[in-house]
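**Student:** Structure for this input, please:
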Amino acid sequence: MSAKVNDDLLTERRKCEFNVEELTNYLDGGAQATQNRRKLEDKVLSTKGLFDEVPEEYLSHKEKYENAVRKAVVYYKAMKEAEDPNQTEQERANATYRSLLHAAVFKDNSPFSLHLAMFIPAILGQADEEQKKYWMKRASKMEIIGTYAQTELGHGTFIRGLETTATYDPKTEEFVLHSPTLTAYKWWPGSLAHTANYCVVMAHLYINGKSCGIQPFIVQFRDEETHQPLPGIKLGEIGAKLGFNTVNNGFLGFDQHRIPRNRMLMKNAQVLKDGTFKRSPNSKLTYGTMVYVRVVIVNGMANQLARAVTIAVRYSAVRRQSELKPDAGEPQILDYVTQQHKLFIGIASSHAFTLTAKWLTRMYQKVTADLEKGNLDELPELHAIACCLKAVTTTDTSVLVERSRTSCGGHGYMLSSNLPQIYGLVTAACTYEGENTVLMLQTARSLVKALEQAQSGKRLSPTMSYLSEKVSSRLKWDNSIDGIVKGFRRVAYGKVESAMRSMRKYVRSGLGPEDAWNMSSVQLVAASEAHCRAFILSTYKSEVDRTSGSLSEPLKTVLYYLVELYATYWALERVGDLLLYTSISEADIRQLQDTYEDLLGKIRPNAVGLVDAFDFRDQILNSTLGAYDGRVYERLMEEALKSPLNAEPVNQSFHKYLKPFMQGKL
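**Tutor:** Here you go, the predicted model:
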């Protein structure tokens, strides 16, 4: 922190009506978790060699990658050395749950990210005990670097359509991996191009010409000593992208590449030496890794949104613009209600996503434990809610991060603000690990099934139990938070029912069920979104109710301001749906608008305190606009002077091109 802090920020911090440290502890899951997180950050961020002397945006594509690999090695060693052997595994998890420590080192993420986020979870979830013992020892020590290769050039979310084949040869007890077409090439896996030497490959298994479905295989594709690609392997980098350019996303093709039989991960399905295939009792177990990643994504969106809105709110407290009143001087742009409207929903959404992610994590852990006992009862519910939560949180975060950027005017367009890079990271999540529309339709399938079960008197899972409630044509409306939740549930019910009527109409007209589904898919996506919004609203409110009992009254008051703001914002955003399915009136809508504007005013003095409570260090924000001291203009100039173009007063292009051109000599 700089010795001199901007006066406006000092004033804002004095206005705050609650204890910022108390809120930080609450978000982290307790004072001890905050202490452990800060201790870890202290140790790691003091490591030499982690930070760039020249901002990475001035490096070439190749230089960015090479520099990221260098930093990844330093960072990984620093993280290992910083581990406290006296902490439990849960304490370590709590310390990193809200941390974006890696963001201090990588603006565009680490080339090791897929090793930790996908390769290791895939082994843990899909390897048998013997395989797990061998591969986890190597992977956890980073003796090998892995990734997860599922998506292909021609297929993504539709896993059954994957074209990569793994044909079992019982004579040699090997699988022969092959990419029969260009579209069968694996495309997108991070770390694949030049960093990793192993990957978990999802491929279509064939035995004696018979399909045995999509199965996971551990494949070595580079030599452990030379790092050269192995025979039968074709790989490289896929090229520059909107974001994630240091993650080293690659392509991978196989030309009759052979691997031993024990390289198939055999927890959920096995191939015996003679080629006998023992099928898993539930094929959905194979996709556990993807469900896990979707759980992680929801929390990741909460953290990235918190980072963006911290930058934007602090900048808005420092920036002064125009005049609200003649001769009164330029006010802070945070005083404009339109600016509050742009930003405060970002704070509330981050809180909502954080608490929803914690709920989802608990459910994932419970379902995983049940699966180990052979109980699959809650797996469909987890899958359905994880699908729509991933879709809605990534979509909302992309919108709100971009809103944070534009709320900073031209300065938000600067890469030194870090808002464009954060946007590049979050918008990618709308398509990776399941394209959002496809995921919404998967949730819709569960909703349709649930409503059919409810209509036949069957009991539904907790997250869909409202579909069993007796429904009048239009729900009686009230403007309370609980009333808004009920309203959104009524909207979800109505939209599922409407989509079902639509499908039945198309079937009666002669269409098959698949075509009827496709024709109704816009309605089905809308039903999924309504269901998810009702769930987030309900979970946000119930989690604050459950966890805030021991908090001080000032903090509790501000937390409920945010809950009410979130509910009111979405009620106003979806007035059309509420008019269709509830008795909401013009007077109710006017009252909601008044409530919303009143809440913006109540949150205004606490805005800087709320983002301070996210507790992001300046290195993690990596932003000229969002530093704790508010030295916005000084930092913008300092970063501008780092441009290589400012290293000399006259660029060589003047003498080469401009001067001859201007003198008419070209």
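
**Student:** quick one: low-confidence ranges for the stretch 551-666 of the chain?
**Tutor:** Residue ranges of the stretch 551-666 of the chain with pLDDT under 70: 666.

**Student:** What segments of the stretch 451-600 of the chain are helices?
**Tutor:** Counting by DSSP state H, counting those that start in this stretch, the stretch 451-600 of the chain has helices at residues 481-508, 513-519, 521-547, 553-573, 575-581, 586-603.

**Student:** now the strands for the stretch 201-350 of the chain?
**Tutor:** Counting by DSSP state E, counting those that start in this stretch, the stretch 201-350 of the chain has strands at residues 210-220, 233-237, 250-254, 257-260, 270-271, 277-278.

**Student:** wait, which of the ones you listed is closest to K659?
**Tutor:** Closest to K659 of those is strand 233-237 (C-beta to C-beta; 38.7 Å). For glycine as for every other residue, the C-beta is placed from the backbone atoms N, C-alpha and C.

**Student:** Need the single longest helix in this structure, by residues.
**Tutor:** Criterion DSSP state H: the longest helix present in the chain is helix 337-372.

**Student:** Run through the neighbouring helices and strands of it.
**Tutor:** In terms of contacts (3 or more C-beta pairs under 8 Å, 6 or more residues apart in numbering; DSSP states H and E), helix 337-372 is packed against helix 288-318, helix 379-406, helix 521-547, helix 553-573, helix 586-603, helix 607-612.

**Student:** so which of those helices gets nearest Q150?
**Tutor:** Among these, the nearest to Q150 by C-beta to C-beta is helix 288-318 (8.0 Å).

**Student:** Please identify the buried residues of that closest one?
**Tutor:** Going by neighbour count (16 or more other C-beta atoms under 10 Å), the buried part of helix 288-318 is 288-318.

**Student:** need the helices of the stretch 451-600 of the chain in TSV with mean neighbour count and distance to E224, can you?
**Tutor:** TSV is the format used below for these (neighbours: other C-beta atoms under 10 Å; distance: least, C-beta to C-beta, whole Å):
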stretch	mean neighbour count	distance to E224
helix 481-508	20	52
helix 513-519	15	47
helix 521-547	21	45
helix 553-573	20	51
helix 575-581	18	57
helix 586-603	15	55
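
**Student:** Please render the ones you listed as a markdown table that adds distance to E225 to the earlier fields.
**Tutor:** Converted to a markdown table, those look like this (distance: least, C-beta to C-beta, whole Å):
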| stretch | distance to E225 |
| --- | --- |
| helix 481-508 | 57 |
| helix 513-519 | 51 |
| helix 521-547 | 49 |
| helix 553-573 | 55 |
| helix 575-581 | 61 |
| helix 586-603 | 59 |
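
**Student:** contacting residues around the residue nearest to L636 when sequence neighbours are not counted?
**Tutor:** Nearest non-adjacent residue to L636, counting by C-beta to C-beta, 6 or more residues apart in numbering: T624, 4.9 Å away. Listed by C-beta atoms under 8 Å, 6 or more residues apart in numbering, the contact set of T624 reads H411, M414, S416, S417, N418, V632, R635, L636, E638, E639.

**Student:** and T624, what element?
**Tutor:** When elements are assigned from DSSP states H and E, T624 belongs to no helix and no strand.

**Student:** Next, give phi and psi for it.
**Tutor:** phi -70, psi -30 (degrees, to the nearest 10).

**Student:** about what we covered before: and the helices and strands packed on helix 337-372 as TSV, adding distance to K495?
**Tutor:** Shown next, in TSV, are the helices and strands packed on helix 337-372 (distance: least, C-beta to C-beta, whole Å):
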stretch	distance to K495
helix 288-318	22
helix 379-406	13
helix 521-547	4
helix 553-573	15
helix 586-603	20
helix 607-612	33
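
**Student:** where does the residue nearest in space to the middle of the chain land on pLDDT?
**Tutor:** Nearest to the mean C-alpha position of the chain, counting by C-alpha atoms, centre = their mean, stands I297 at 3.3 Å. Looking at I297, its pLDDT reads 94.

**Student:** same check, this time on the one 10 residues further on
**Tutor:** At R307, the predicted lDDT confidence score is 98.

**Student:** With P281 instead?
**Tutor:** 64.

**Student:** what's the answer for V496, then?
**Tutor:** Note on V496: pLDDT of 97.

**Student:** Could you do the one 10 residues further on as well?
**Tutor:** In the prediction, the pLDDT value recorded for Y506 is 97.

**Student:** wait, what's in contact with it?
**Tutor:** D515, A516, M519, S520.

**Student:** and the gap between the second one and Q523?
**Tutor:** So the one you mean is A516. Computed as C-beta to C-beta, to the nearest Å, the A516 to Q523 distance reads 11 Å.

**Student:** before we move on, the earlier item: and the angle from the longest helix of the chain to helix 553-573?
**Tutor:** Calculated by axes from the mean of the first three to the mean of the last three C-alpha atoms, to 10 degrees, helix 337-372 forms an angle of 100 degrees with helix 553-573.

**Student:** mind checking which of the helices and strands packed on helix 337-372 is nearest C16?
**Tutor:** Closest of the helices and strands packed on helix 337-372 to C16 is helix 607-612, at 3.2 Å (criterion: C-beta to C-beta).

**Student:** ok, residues contacting that closest one?
**Tutor:** Defining contact as C-beta under 8 Å, 6+ apart, one finds that helix 607-612 is touched by 9, 12-13, 15-18, 20, 23, 306, 309-310, 313-314, 317, 334, 340, 343-344, 347, 558, 562, 603, 628.

**Student:** Fine by me, we can end here.
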